[in-house]
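**Q** Generate coordinates for the sequence data below:
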Amino acid sequence: MSDADIVRLQSYAAAGNAAAPADASTDALDDDALVAAYSVADRRVPTVRMNFVTSLDGSATVDGVSGGLGGPADKAVFDTVRRLADVVLVGAGTVRSEGYGAMRLSDADAAWRQAHGLAAQPAFALVSGRLDLDPASDVFVKAPVRPLVLTSDAAPGSRRAALEAVATVISCGTDSVDARQLVCALVDRGLTQILCEGGPSLFGTLIDADLVDELCLTVSPLLEGGAGIRISHGATSAARRMRLVHVLESNGLLLTRYARAR
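**A** Below you'll find the predicted structure:
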């Protein structure tokens, strides 16, 4: 994998807490091994997986965006978990701040998905209570699959009408977007493997509702300083115990996978 080589430091049994042997392999993971490392045991079981990156001192951004925290290995994991997802879920604020365009996997990833019985492209779902989205943006106009927009009954009618021309708009709550209704709306459409890429408010809402099944967290070997935001913030405090599945390493980046200890 050249510059994106990922070395297995330690892995943990998926069904328990026993650590792998101390002499576990330190060979670079190839593409198949990386897919295996992030695959779920049963795709029929709904899974909400978060994917985030943070600095050593807890910032989710550098200069306002997350891109400066990652590297080739983080990008390899990013592409892998997208390839495995049925739907990629993102808050409207993150779409704007991170400069999302149309979500399109590479031809190679699309071919891999089709060879494994999946749709060529995962669905793309945007969460927006106010529907503050531009229907003329590339997110919609150049999308390979008609996007989903998850909102509430209270969303402005004129914005809903404009977006319905380019997306499937779904109400998931009366006055605001309800996290449980949101997840149910996706699962009811056969989108059981849900990958959420942010942002912090959406992550916090999912934590509050105890809907987070996995967190794939990259820890960057960087002290950001400043006043960067955390990867999550919610309306209430919640203590959700997670179990470490694995830790991978590449040039100082730690690539972790945690599962909810239910």
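**Q** residue ranges of the strands in the stretch 101-250 of the chain, please?
**A** 123-127, 148-151, 168-171, 193-196, 214-220, 242-250 (DSSP state E, counting those that start in this stretch).
**Q** which one of these lies closest to P72?
**A** Smallest distance to P72 across these (Cβ to Cβ): 7.4 Å, for strand 242-250. In this view, the C-beta of every residue, glycine as well, is placed from N, C-alpha and C.
**Q** With mean pLDDT as extra columns, can I get the strands of the stretch 101-250 of the chain in CSV?
**A** Below are the strands of the stretch 101-250 of the chain laid out as CSV (pLDDT from 0 to 100):
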stretch, mean pLDDT
strand 123-127, 98
strand 148-151, 98
strand 168-171, 98
strand 193-196, 98
strand 214-220, 96
strand 242-250, 94
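**Q** can you list the ones you listed in a markdown table and add distance to A60 and mean neighbour count?
**A** Formatted as a markdown table, those follow (distance: least, Cβ to Cβ, whole Å; neighbours: other Cβ atoms under 10 Å):
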| stretch | distance to A60 | mean neighbour count |
| --- | --- | --- |
| strand 123-127 | 17 | 24 |
| strand 148-151 | 22 | 24 |
| strand 168-171 | 27 | 17 |
| strand 193-196 | 14 | 25 |
| strand 214-220 | 10 | 21 |
| strand 242-250 | 17 | 19 |
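**Q** possible to save these as JSON lines with distance to D79?
**A** JSON lines is the format used below for the strands of the stretch 101-250 of the chain (distance: least, Cβ to Cβ, whole Å):
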{"stretch": "strand 123-127", "distance to D79": "15"}
{"stretch": "strand 148-151", "distance to D79": "21"}
{"stretch": "strand 168-171", "distance to D79": "25"}
{"stretch": "strand 193-196", "distance to D79": "11"}
{"stretch": "strand 214-220", "distance to D79": "12"}
{"stretch": "strand 242-250", "distance to D79": "14"}
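**Q** closest one to R83 among those?
**A** Evaluated over the strands of the stretch 101-250 of the chain, closeness to R83 peaks at strand 193-196, with 9.8 Å, by Cβ to Cβ.
**Q** out of the strands of the stretch 101-250 of the chain, which comes closest to A36?
**A** strand 242-250 (10.6 Å).
**Q** tell me the angle that closest one makes with strand 214-220.
**A** When axes from the mean of the first three to the mean of the last three Cα atoms, to 10 degrees is applied, the directions of strand 242-250 and strand 214-220 differ by 40 degrees.
**Q** low-scoring pLDDT stretches of the stretch 151-262 of the chain, where are they?
**A** In the prediction, the stretch 151-262 of the chain carries no residues with pLDDT under 70.
**Q** what about stretch 97-115, how long is it end to end?
**A** Start-to-end span of stretch 97-115 (Cα to Cα, to the nearest Å) is 34 Å.
**Q** What residues sit buried inside the lengthiest helix in the chain?
**A** Longest helix of the chain, by residue count under DSSP state H: helix 72-84. Residues 73-74, 76-84 are the ones in helix 72-84 that count as buried (16 or more other Cβ atoms under 10 Å).
**Q** ditto for stretch 83-98
**A** For stretch 83-98, by 16+ other Cβ under 10 Å, it's 83-96, 98.
**Q** what does stretch 101-113 give?
**A** Of the residues in stretch 101-113, those buried by neighbour count under the rule 16+ other Cβ under 10 Å are 102-105, 109-110, 112-113.
**Q** before we move on, what about stretch 199-208?
**A** For stretch 199-208, a neighbour-count test (16+ other Cβ under 10 Å) marks 199-208 as buried.
**Q** Just these: which are in helices?
**A** Judged by DSSP H, helices contain the following of these: 200-208.
**Q** Which member of those is positioned nearest P144?
**A** Set against P144, the nearest of those by Cβ to Cβ is L202 (23.1 Å).
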